[in-house]
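>>> below are the sequence and a predicted model; questions follow.
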Amino acid sequence: MLRFIAGRLVLTIPVLFGVSVIVFLLAHLAPGDVTTILAGPFATEVVKEKLRISFGLDQALPVQYIKWLGHILQGDFGTSIANRRDVADLVFPKFVNTAILALSSALLAYIIGFFAGIFAAARPYSFSDRIVMGVTLMLGNAPPYWLGLLIVLLISLNWRLLPATGMTNIMGGGGAWDVFLHLIQPMLTTAAAPACIVARIVRASMLEILSQNYVRVARAKGIRRSLILRRHALRNALPPIVTICGLQLGYLLGGVLFVEVIFAWPGIGNQLWQAIQARDIPTIQGATLVIALAFVVVNLAVDAINAYLDPKIRASERAGAS
């Protein structure tokens, strides 16, 4: 198991290197001039050139990348052009807020998706199965920004049940309960699509396992359906379910930008959106790199869990190494 994890860690090195190159190039090749944003549209070329030199933007891209990567490896993400603060001080606290939203949404999505998928798989092709799959099809394809606006319209504006935006009450003093109340709507919005995907994968995996011969033998022996589902089918159906759950968590960590903007949630997605608007290259690079790193770590954890659940994966890894 340790060899398997070590091998996966080695494979993440070229992945992270490629991600760093893409992040760097996308930020620099995007249209717009950062010096115009900083100095204003009426600034002279002399002022703009001084700004380029002060931020090192006058150097060739390979030189800028090597210097940037060297600082990144030392834990220095640079200084925000728009805020004049360390990018790390901006990004990492916001990433914690994003993690709160992503993990709570993932937990809700897993619970709903898991039980909905089990419920549908236990009654294949029945009316209830079609209802569950129809709902997951509609919600799974609903754009997050549309769903978020609809939830705000109904719950906050029409029914006035929950606060519409932010993470805490601007008057202060709310504590954990206040954070939870602000979390409910973005959590529901973010969890909708992953819950539908998980439900469909759980149903498909369970139906595949339930069609196996050993399950038919168990049924012929008169074993209860609930016991067959729990002991015989569920464990063998877990690897693809764990994989899709991990992918959805990675998606949530990096894909909640629209939800954070709609609900003014102070997360890394919202920070990235503000940095894009301000053409703040260091912040864009730092935020994107942190999101990519989180996605890689989640995938590594998913591979380790799958290897633990399925000995065939470990055996194939050892055979490939030998």
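Looks like it came in fine.
>>> what helices and strands are in contact with the helix or strand hosting residue 22?
Here residue 22, judged by DSSP states H and E, is contained in helix 2-29. When contacts are defined as 3 or more Cβ pairs under 8 Å, 6 or more residues apart in numbering; DSSP states H and E, helix 2-29 sits against helix 61-73, helix 281-309, helix 311-321. In short, each C-beta sits where N, CA and C put it, glycine included.
>>> rounded mean pLDDT for the shortest one, please.
Per-residue confidence for helix 311-321 averages out to 59 on the pLDDT scale.
>>> which SS state does residue 168 fall under?
Counting by DSSP: H, G, I helix; E, B strand; the rest coil, the backbone at residue 168 sits in coil.
>>> just to revisit the earlier point, where among the helices and strands packed on helix 2-29 is the average confidence lowest?
When the helices and strands packed on helix 2-29 are ranked by mean pLDDT, helix 311-321 comes last with a mean of 59.
>>> any regions of the protein where pLDDT drops low?
Along the chain, segments meeting pLDDT under 70 span 1, 32, 37, 171-174, 254-255, 310-322.
>>> recalculate using a threshold of 80.
By pLDDT under 80, the low-scoring segments of the chain are 1-8, 27-43, 55-57, 169-174, 225-226, 228-236, 250-251, 253-257, 306-322.
>>> got the buried residues for the helix holding residue 22?
By neighbour count with 16 or more other Cβ atoms under 10 Å, helix 2-29 contains the buried residues 4, 8, 19, 20, 23, 24, 27, 28.
>>> could you check the angle helix 281-309 makes with it?
Angle of helix 2-29 versus helix 281-309, following axes from the mean of the first three to the mean of the last three Cα atoms, to 10 degrees, is 160 degrees.
>>> just want the angle from helix 2-29 to helix 61-73.
Our comparison of helix 2-29 with helix 61-73, counting by the same axes, to 10 degrees, yields an angle of 130 degrees.
>>> next one: helix 2-29 to chain centre, how far?
Between the centre of helix 2-29 and the centre of its host chain there is 17 Å, according to Cα atoms, centre = their mean, to the nearest Å.
>>> helix or strand right after that helix?
helix 34-39.
>>> hang on, the earlier thing: closest to residue 84 out of the buried residues of helix 2-29?
residue 27 (18.3 Å; Cβ to Cβ).
>>> now the closest one: how far from residue 13?
Counting by Cβ to Cβ, to the nearest Å, the gap from residue 27 to residue 13 is 22 Å.
>>> for residue 69, same thing?
With distances taken as Cβ to Cβ, residue 69 is found 13 Å from residue 13.
>>> in the stretch 151-300 of the chain, which spans are helices?
Counting by DSSP state H, counting those that start in this stretch, the stretch 151-300 of the chain has helices at residues 175-210, 213-220, 225-227, 234-254, 257-262, 268-278, 281-309.
>>> buried residues in the third one, which are they?
By 16+ other Cβ under 10 Å, helix 225-227 has no buried positions at all.
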